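K.L.:
any chance you can model this:
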Amino acid sequence: MKRVICSFLLAAALPAVASCQTKPPSGEAPRAAPVSAAKKFEKVRGPAVAGLFYPNSEGDLKREVDRLLAEAREQAVREASQTEIVKIAEHQAQDIVDDARRQAREARLEMEDWADSMLASLEVNLDRFLAAVKRGRERLQERSQETVGAGIGPSDGSGDDLGY
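P.N.:
Numbers count the residues shown, from 1 in each chain. Here you go, the predicted model:
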C-alpha cells in the first residue's frame, strides 16, 4: 500500500515540479509554469504555494523534488500505520468479544450442570418421599380394612398405632 501511495504522489509531483521554470535572471519577468503543470503542483502543495515556487537552480529543483518525495513517503507511512493500527485494534476487539462469548458459554454450561444436579437431588428426595407416602397410605388402608372387617376399632383406643 505504501508503494501505491508513493507512486501516486510521485507521479503527481514530479511532472509539476519538473515543468516549473527556474528563477529568471534579474530584470526579466518570471515565466509561469504551464497551466496543467501548475494545477498538478497545486494539487500536491496546495493553492497558496503553487504559484510561488521558483527554484534558483537545478539543485533547488532537486531539493524540492526530494522534499516532496519525503513528504509523500511520510504521509504514506502515516496512513499505512493508521491502517495497521486499525487492523490491530479490530483484531484485539474481536479477540475480546470471542473471549467474552467463550466465558459466557462456559458460565452457562456450569450453571446448567449445577441446576441439573440440584434437580436430580430433588428428584431422588421426591421419589423417597413419594415412596414413604405410598407405604403410609397402604398401611392405613390395610389397617382400615382389618378394622372394618373385624368390626372393632383400634386396640388401645388412641388411633396412633400406624406402624411407621
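K.L.:
how much space separates His91 from Asp99?
P.N.:
According to CB to CB, to the nearest Å, His91 and Asp99 sit 13 Å apart. Using the backbone N, CA and C atoms, a C-beta is placed for each residue, glycine as well.
K.L.:
kindly apply the preceding question to Asn56 instead.
P.N.:
Per CB to CB, Asn56 is found 62 Å from Asp99.
K.L.:
tell me which stretches of the chain form helices.
P.N.:
2-18, 35-45, 47-50, 58-150 (DSSP state H).
K.L.:
tabulate those in TSV, adding columns for mean neighbour count and mean pLDDT.
P.N.:
Shown next, in TSV, are those (neighbours: other CB atoms under 10 Å; pLDDT from 0 to 100):
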stretch	mean neighbour count	mean pLDDT
helix 2-18	15	48
helix 35-45	16	55
helix 47-50	12	48
helix 58-150	11	92
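K.L.:
state the phi and psi torsions of Ser57.
P.N.:
Main-chain torsions, Ser57, degrees, to the nearest 10: phi -150, psi 180.
K.L.:
burial count for it?
P.N.:
By other CB atoms under 10 Å, 10 other residues sit near Ser57.
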